[in-house]
Every structure is written in C-alpha cells, then in structure tokens.
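K.L.:
3D, please:
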Amino acid sequence: MDTLGIYRIDLKGLRSEVETRRFVADDDFFAVVGNTDIHAGNVVVDLTVRKAAGDTFLLTFVLRGTVTVTCDRCLEDMDCDIEAERELNVAFGDVYADEGDWVKVPADDGCLNVAWHVYEFIALELPLQRVHGDGECDPEMMEILGYHTAGAEEKSEAPTDPRWNELKKIIDNN
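P.N.:
The predicted structure follows:
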C-alpha cells in the first residue's frame, strides 16, 4: 500500500477554484516518513486548495491531533498536542523547487505530494523542550537523575584548589 500516495494533489486536474481534502497522519504515516523524533500520532489534516491568479495556488493546512515523542528528561514516550494552520504557495515552473513558502512544480506533471510538508508543519509545532508535566516522568529514571544531581551538588560544595582562584582573577580583570 502506498501510504504517501494519498497526499498527492493533482493541481492541473482541479475541478473547481477551491477544493478540500482530509488526511489523517497516523502511525503508518510517521513510520513511512521515517523520522525518529515522532514515533506515532493521529493528526487530522484539512487541506484547502485555492486556485489563484495564473498558474498559482494557495494551499491552507489545518492540523489538529496528537503525536508521540520522547521525553527529554526521562526518555519515556509522551503525547504532544498539535494544533496549527499553515499556508503554502505553489506555482508551475520548469523543475521542482522548494523555496520556503513557495514551491514550484513542473508544469508538465502538475502534481504535488504534500506528505513531507504535512510532516514539517507537524514537527514545527513541537516544543523545543519536550518534557512531561510535573510528576508524570518515569519514577525510576527520576530517582537515578536525583542520585546523579545530588552528587554534582556535593562536588560543587567541595573546596577548590586555590590556584584556580588566582586564574579566575585574570578573567575578572579582562
């Protein structure tokens, strides 16, 4: 089964000025895309394709759902809610080109597979730091982290070699 084939939009074959499509980026989608940041998910993608002036199109993606990522603190899976609206401008050209918010599609083909764009829009909604809420991390891992953190604090309270203090004076004078 071609999991990403359903994300192919035939721009030349549009029957009206505005068309809508609905996709679900599910576990199979994330497995095929093959990125390690997102393990699984269920994100509904509503796509509106509007034919603009000439051979240009405005694609509006509305994404809502949940994805599973790894917690940066305890390394266990956690869910992140996804809710976003993104736009992509598409025009016909000689060769395929992705130039930020503009994508050029070869005019002789006239089709665009938006699967990678859907993945990127979802990934952009993930927080930079992915951490469970208070008290939700794996207790065993938190105990191990606590043990190592306590050891670091004890080391920082130990007396330092006085030669380092003399070297620090050089830095402070600059």
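K.L.:
could you give the number of residues near the closest residue to Glu76 other than its chain neighbours?
P.N.:
Nearest residue to Glu76, sequence neighbours excluded (CB to CB, 6 or more residues apart in numbering): Asp138, at 4.7 Å. No exception for glycine: its C-beta is placed from N, CA and C like everyone else's. Asp138 sits with 15 neighbouring residues when counted by other CB atoms under 10 Å.
K.L.:
what does Phe57 give?
P.N.:
Counted with other CB under 10 Å, Phe57 comes out at 21.
K.L.:
swap in Asp94?
P.N.:
Neighbour tally, Asp94, other CB under 10 Å: 9.
K.L.:
identify the bridge partners of the nearest residue to it once chain neighbours are set aside.
P.N.:
Of all residues not flanking Asp94 in the chain, Pro106 sits nearest, at 6.7 Å (CB to CB, 6+ apart). Legend: beta-bridge partners of Pro106 under DSSP bridges are Gly93.
K.L.:
lowest-pLDDT helix or strand in the chain?
P.N.:
Lowest by mean pLDDT, DSSP states H and E among the helices and strands of the chain is helix 139-157, with a mean of 73.
K.L.:
on that earlier part again, if I pick the residue nearest to Asp94, what's in contact with it?
P.N.:
92-96 (CB atoms under 8 Å, 6 or more residues apart in numbering).
K.L.:
go through those residues and name the one nearest Pro127.
P.N.:
Among the contacts of Pro106, Tyr96 lies closest to Pro127 (CB to CB), at 31.6 Å.
K.L.:
residues in contact with that closest one?
P.N.:
103-106.
K.L.:
local confidence estimate at it?
P.N.:
pLDDT for Tyr96: 91.
K.L.:
can you check the one 10 residues further on too?
P.N.:
Pro106 carries a pLDDT value of 91.
K.L.:
use 317 as the first number for this chain going forward.
P.N.:
Yep, numbering from 317; the last one is Pro422 now.
K.L.:
look up the closest residue to Thr376, ignoring the ones flanking it.
P.N.:
In this structure, Thr376 finds its nearest non-sequential neighbour in Thr364, 4.5 Å apart by CB to CB, 6+ apart.
K.L.:
same for the helix or strand harbouring the one you found, what does it pack against?
P.N.:
Secondary structure assignment for Thr364, by DSSP states H and E: strand 356-367. Strand 356-367 sits against strand 334-341, helix 343-349, strand 372-386, helix 431-440, with contacts defined as 3 or more CB pairs under 8 Å, 6 or more residues apart in numbering; DSSP states H and E.
K.L.:
average pLDDT for that strand?
P.N.:
Rounded mean pLDDT across strand 356-367 is 96.
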